[in-house]
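> The sequence isn't on hand, but the structure is:
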């Protein structure tokens, strides 16, 4: 029996490994009655790590009345558990940031991670002060699996971007494309690296703490709230994130006022953390942008508190998103495509602008399914959807109409421009390769039909789509893996 996708990924030489100082700190954590001197000496062997621990200890997080000058002093003032947790977190993050791959925005990733960690710590300080550093550590490395997949999987960056900042959507795309999720990868790394076991509980159950072991449920809850706040501050689906945040703060009994105050408090604290982690390099989004987003969130939260009906609006939006998305590929489904093309048809008819449609039919998917199984066929579908999404503009819509059929609605696009786009997409798909579990490389091609709206020929959007469909049928007849422009279509 072949190795599972998770086993193959964990065996990859491209994955980072824990730094020596982190391993030493881990060993000390496991020793009962470890001394202040032993821990201070271990941390002191790494000047960069010592500096970070001292800067953290003297930051506004701890509000000390006097300056802490040595790691030993930090341990005495802050406590042994706090300092060893901080040291472990800082050393792991430094090492992981040193293994940055191409095609993945690591600064954005760590910015989001800092929001999760800072929010989790702030909530734990209110509910379980003794575990606030564990909460910070759990939030900081909550999405460790994302980094591992970005390092170990060559095309992971495209999958990550396709999720548009939605980590729940990302998990679905990962499962469809790689048969493993970043939560599962992260939990496996926790075990492999001998990290604190409660970190795996946070990774696997932050969205449903009731499924976690009884001794870590409280920790998982605060990390889950931190994740929701990070999604609120950085994610693309603002209203969905707002609903999730409101639902999760109820886990620990925070009032509406406390939930509102937490957003601004975390935004200010993250500015301190960004400086500690070296994210203020002039190329990243400035902290003021995060604070502005937090202020927007506060306004939304206040508005929701005075408008009970907004809950229904959010829930309806969630249902609408689910109802308009193809669950396998993450692109729009047939229903959303028909709504979009109807709208674009009306706009084009009213204002006279061009509007074109590409009908994309995969060549030989049935044969591939029969030969290699539907799991491989699903991977191919996801890969094709990714290629289509990459080749489309922000104003365009990519949809899976069902089975092996996709379509693109191209806003303000002439026939010639659409034909060029179609050829570019056809060539991109032809370069896609999928590896089977036995190491066989599989390719796929598509046939594409192109049509532009002609008021004299197309009475509605459905007629335009039918013209593109007829064109793809001709492309099939002519030998597949090619583009065919609808007969009688506008060429201007």
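Right, received. Where do you want to start? Predicted, not measured: the structure shown is a model, and the values here were computed from it.
> can we go C-alpha only for contacts and neighbour counts from here?
OK.
> Now stretch 25-45: average pLDDT?
This predicted structure assigns stretch 25-45 an average pLDDT of 73.
> Kindly report the same for stretch 155-175.
The predicted model gives stretch 155-175 an average pLDDT of 86.
> now swap in stretch 358-375 and tell me
Across stretch 358-375, pLDDT averages out at 92.
> for residue 436, what are its contacts?
Going by Cα atoms under 8 Å, 6 or more residues apart in numbering, residue 436 touches 376, 442.
> Now with 7 Å, please.
Contacts for residue 436 were tallied using Cα atoms under 7 Å, 6 or more residues apart in numbering; they are residue 376.
> pLDDT value on it, please?
In this prediction, residue 436 carries a pLDDT score of 85.
> Same check on residue 247?
The predicted local distance difference test score for residue 247 is 85.
> again, but for residue 6
Confidence per residue is given as pLDDT, and for residue 6 that number is 83.
> what secondary structure does it sit in?
Assigned by DSSP: H, G, I helix; E, B strand; the rest coil, the conformation of residue 6 is helix.
> Residue 439: how many residues sit nearby?
Counted by other Cα atoms under 10 Å, the residues lying close to residue 439 total 8.
> now the helices for the stretch 201-350 of the chain?
For the stretch 201-350 of the chain, helices defined by DSSP state H, counting those that start in this stretch occupy the ranges 217-234, 238-249, 256-276, 287-306, 310-323, 334-351.
> Out of those helices, name the one with the poorest average pLDDT.
helix 287-306 (a mean of 56).
> Surely residue 225 and residue 249 touch.
Yes - with contacts counted by Cα atoms under 7 Å, residue 225 reaches residue 249, the gap being 6.1 Å.
> Mind checking which of the two has more residues around it?
Comparing residue 225 with residue 249 by neighbour count (other Cα under 10 Å), the higher total belongs to residue 225, at 27 against 22.
> ok, now how distant is the more buried one from residue 149?
Using Cα to Cα, to the nearest Å, residue 225 is found at 24 Å from residue 149.
> Ok, residue 382 next?
Residue 382 is 17 Å from residue 149, by Cα to Cα.
> More neighbours: which of these two?
Set side by side, residue 382 and residue 149 show more neighbours around residue 149, with 26 against 22, by other Cα under 10 Å.
> what about the more buried one, distance to residue 57?
For residue 149 relative to residue 57 (Cα to Cα), the value is 33 Å.
> same check, this time on residue 175
Here the distance between residue 175 and residue 57 works out to 40 Å (Cα to Cα).
> of these two, who's got more company?
When residue 175 and residue 57 are compared on other Cα under 10 Å, the one with more neighbours turns out to be residue 57, at 26 against 14.
> now the strands: where do they sit in the protein?
355-363, 397-402, 405-411, 433-435, 441-443, 445-452, 483-485 (DSSP state E).
> which stretch among those comes nearest residue 257?
strand 397-402 (39.9 Å; Cα to Cα).
> ok, and what's touching that closest one?
The set of residues external to strand 397-402 that reach it, using Cα under 7 Å, 6+ apart, is 326, 331-334, 337, 388-389, 406-410.
> if you set the cut-off to 8 Å instead, what comes out?
Counting contacts by Cα under 8 Å, 6+ apart, the residues outside strand 397-402 that touch it are 326, 329, 331-334, 336-337, 340, 385, 388-389, 392, 406-410.
> show me what contacts the residue nearest to residue 328 when sequence neighbours are not counted?
Using Cα to Cα, 6 or more residues apart in numbering and skipping the chain neighbours, the partner closest in space to residue 328 is residue 176 (6.2 Å). Listed by Cα under 8 Å, 6+ apart, the contact partners of residue 176 are 328, 329, 378, 379, 382.
> now the last one: how far from residue 151?
It stands for residue 382. Residue 382 is 20 Å from residue 151, where distance means Cα to Cα.
> pLDDT value on residue 132, please?
With respect to pLDDT, residue 132 has a value of 85.
> cool, residue 86 as well?
74.
> Distance of it relative to residue 117?
Taking Cα to Cα as the criterion, residue 86 is separated from residue 117 by 12 Å.
> Who has more neighbours out of those two?
When neighbours are counted by other Cα under 10 Å, residue 86 and residue 117 differ, and residue 117 comes out ahead with 30 against 19.
> my guess is that one meets residue 137, correct?
Yes - Residue 117 sits in contact with residue 137 when judged by Cα atoms under 8 Å, with a separation of 6.6 Å.
> Outside of stretch 333-352 itself, which residues are in contact with it?
Outside stretch 333-352, the residues within contact range by Cα under 8 Å, 6+ apart are 324-326, 353-355, 397-402, 409, 411, 453, 455, 460-462.
> Neighbours of residue 126, how many?
11.
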